[in-house]
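Undergrad: Please find the sequence and the predicted model below.
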Amino acid sequence: MLIDAPKGLKDVVVTTTLIGDVNGAAGYYHYREHDAIELARTRSFEDVWFLFAEGRLPDAAESELFRERTAALRELPAGIGEVLPAIARSGVTPLAGLRTALSMLPSQPMWDAPMAARRADALRVCAVTPTVLAALHRLKLGLDPVEPRADLSTSANWLYMITGAEPEAWQSRAVEQYLIATIDHGFNASTFTARVVASAGADVVSAVTAAIGTFSGPLHGGAPDRALESLDLIGTPDNIDPWVREQIERGNRIMGFGHAVYRTEDPRARLLREIARQHGTPLVEFATTVERRVTELLAELKPGRQLYANVEFYAGVVMELCGIPREMFTPTFACSRVIGWCANALEQSEDTKIIRPVARYTGPQPKIEKTGIK
């Protein structure tokens with residue numbers, strides 16, 4: 001018996017998970033039993049990575065050992081380093097280049113690999129993702145890649161590999177809080193993609209590269225730079241109203257506003273707004289003015305929709321403050337979300353049932369000739 005599901009599988013439960021959840025009505029999400037925003041306020045990125053890898057937060061000794069272990073995995077295998085210049089010259093986007101480069105990482109099919117091997121593969125792909133992305137960025141600019149530094153935190157090392165300069169402490173912490181807040185976010189499209197691949201018994205790298213393909217879409221991960229571009233197009237406070245009204249009349253989406261799950265303010269946007277306001281600049285002041293007025297206009301023009309700023313809106317502002325180029329906004333997002341993809345892929349790999357839904361055929365009826373067979 002076929003079961004018709006709503007478009008986009010909205011509100012359809014397809015599995016169970018121990019990793020985390022999103023409560024869109026309450027404006028809250030968590031990693032295991034921990035409030036995700038509270039983790040971003042109080043913990044290091046490596047501690048939260050440990051939580052996703054081990055299912056619990058580390059003590060001080062475990063935290064230091066994990067930091068050392070993951071930092072040692074940042075170096076690129078020789079084969080990948082050799083192909084990065086060609087990938088950069090091809091002109092593809094950073095995420096497309098990442099997808100290509102990561103596919104060269106050795107990784108065992110999860111179907112018959114022991115869990116220790118699956119976890120090792122997951123740690124490696126998470127650790128090298130920032131290195132690949134930063135190297136591709138610099139090569140595309142005609143610059144030499146910057147080798148990762150094991151003495152820097154994940155966020156500080158990311159900024160260092162992009163710019164070639166060690167960041168200020170506040171920049172590193174701001175990016176770190178953003179990374180923690182975006183590691184995972186419920187059963188989103190790219191996470192679902194990773195789990196579908198894992199359900200087939202494929203390797204961790206295949207699950208991640210498939211997730212990257214989904215993540216690259218502007219309706220999913222590819223919006224932080226577009227949200228900031230909206231601020232550029234608005235330009236001045238007196239242009240907010242006419243610009244927003246024109247976009248809505250044309251049926252265009254206001255990038256950086258609205259979310260598929262939240263019916264309240266996005267808690268990630270609230271965190272990032274607070275971070276941005278700690279370092280007030282004309283950009284931050286303009287962004288808060290735009291957010292306030294756009295929210296009012298959306299309530300007026302789209303009554304009942306409850307559209308608020310989402311994570312992308314202030315993510316772009318914070319990354320701009322920290323010196324991250326706009327073309328690297330979404331890649332920065334990928335540096336954290338890869339950990340969520342891997343955790344979900346490993347969890348799915350413990351279920352031996354492949355994810356195999358069906359489609360209802362609505363095309364022309366097939367022409368079946370009678371064969372005379374009785």
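TA: Received it, and whenever you're ready, just let me know what you need. Numbering: from 1, shown residues only.

Undergrad: Now do the helix or strand containing Ala315: everything it contacts.
TA: Assigned by DSSP states H and E, Ala315 belongs to helix 311-321. Here helix 311-321 makes contact (CB atoms under 8 Å, 6 or more residues apart in numbering) with 171, 174-175, 178, 181-182, 223-228, 231, 255-257, 266, 268-269, 272-273, 275-276, 279, 281, 283-284, 287, 291, 326, 328-329, 332-333. The C-beta positions use only the backbone N, C-alpha and C, and glycine is treated the same way.

Undergrad: C-terminal to that helix, what's the next element?
TA: Following helix 311-321 in sequence order, the next helix or strand is helix 329-349 (DSSP H and E).

Undergrad: between that next one and helix 311-321, how big is the angle?
TA: Counting by axes from the mean of the first three to the mean of the last three CA atoms, to 10 degrees, helix 329-349 points 130 degrees away from the direction of helix 311-321.

Undergrad: now helix 329-349, how far from the centre of its chain.
TA: 7 Å (CA atoms, centre = their mean, to the nearest Å).

Undergrad: got it, and stretch 317-324?
TA: On CA atoms, centre = their mean, the centre of stretch 317-324 falls 17 Å from that of its chain.

Undergrad: what's the answer for stretch 32-48, then?
TA: 16 Å.

Undergrad: Could I get the average pLDDT for the helix holding Ala315?
TA: When pLDDT is averaged over helix 311-321, the result is 90.

Undergrad: which SS class is the closest residue to Asp47 other than its chain neighbours?
TA: Sequence neighbours aside, Ser63 is the residue nearest to Asp47 in space, at 5.5 Å (criterion: CB to CB, 6 or more residues apart in numbering). Classification of Ser63 using DSSP: H, G, I helix; E, B strand; the rest coil returns helix.

Undergrad: And for the one 3 residues further on?
TA: Following three-state DSSP, the label given to Phe66 is helix.

Undergrad: got a list of what it touches?
TA: Each residue near Phe66 by CB under 8 Å, 6+ apart is listed here: 46, 49-50, 53, 58.

Undergrad: go on, Tyr29?
TA: Tyr29 sits next to 20-23, 36-37, 185-186, 267 when contact means CB under 8 Å, 6+ apart.

Undergrad: Which ones among the contacts of helix 311-321 map onto helices?
TA: 171, 174-175, 178, 181, 224-228, 231, 268-269, 272-273, 275-276, 283-284, 287, 291, 329, 332-333 (DSSP state H).

Undergrad: if I look at Tyr361, how far off is Ala287?
TA: Using CB to CB, to the nearest Å, we find Tyr361 at a distance of 48 Å from Ala287.

Undergrad: now swap in Thr100 and tell me
TA: Computed as CB to CB, the Thr100 to Ala287 distance reads 34 Å.
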